[in-house]
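K.L.:
Fold the following and give me the result.
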Amino acid sequence: EEYEEWRRVQRYVLATVAFSLEGWGTGNVVDWMDSPEDECSWVWGPVDCCDKIVCDSLGRVTQIGFDNNLVGHHIPRDLALLGSSLEALYFCCVDYKGSIPTQIGMLTKLEDLDLRFNDLSGRIPT
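P.N.:
Numbering: from 1, shown residues only. Here you go, the predicted structure:
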């Protein structure tokens, strides 16, 4: 299937987020990598869990949330590629390490940011 450029970029960013989380997406919970379906309908975790993405009516990602005691490596810098749509980023309890990427400051629509219970250093970029 042919995707518009913004949608290819969006799928790429979501994949970088998935691969930044150790152990996430194993088993049958996440099978979207092989699926041509709309990324707004991808299953990110068990139905009763807070791991999800939210999209607007045009299909652009407005929220990414993980709150499931996952083990993260580093917050993906490529999140900045969602700068024109991402309004909320919830990475609570992911155990991300390192510094907060300066690219987070490029998320011009970002209104909510939750980085609690991670092992991060530095300031939140503006």
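K.L.:
going forward, measure contacts between C-alpha atoms and count neighbours the same way
P.N.:
OK.
K.L.:
Now do the same for residue 42: its pLDDT.
P.N.:
The score at residue 42 is 74. That number is its pLDDT.
K.L.:
How about residue 24?
P.N.:
Per-residue pLDDT puts residue 24 at 56.
K.L.:
got it, and the one 10 residues further on?
P.N.:
The predicted local distance difference test score for residue 34 is 63.
K.L.:
burial measure for residue 121, as a count.
P.N.:
Residues near residue 121, counting by other CA atoms under 10 Å, number 11.
K.L.:
which residue packs closest to it, ignoring adjacent ones?
P.N.:
Of all residues not flanking residue 121 in the chain, residue 99 sits nearest, at 4.6 Å (CA to CA, 6 or more residues apart in numbering).
K.L.:
now residue 95
P.N.:
residue 118 (4.2 Å).
K.L.:
Please tell me how far the one you found sits from residue 96.
P.N.:
Taking CA to CA, to the nearest Å as the measure, residue 118 falls 5 Å from residue 96.
K.L.:
what about these two, which has more around it?
P.N.:
residue 96 (24 against 18).
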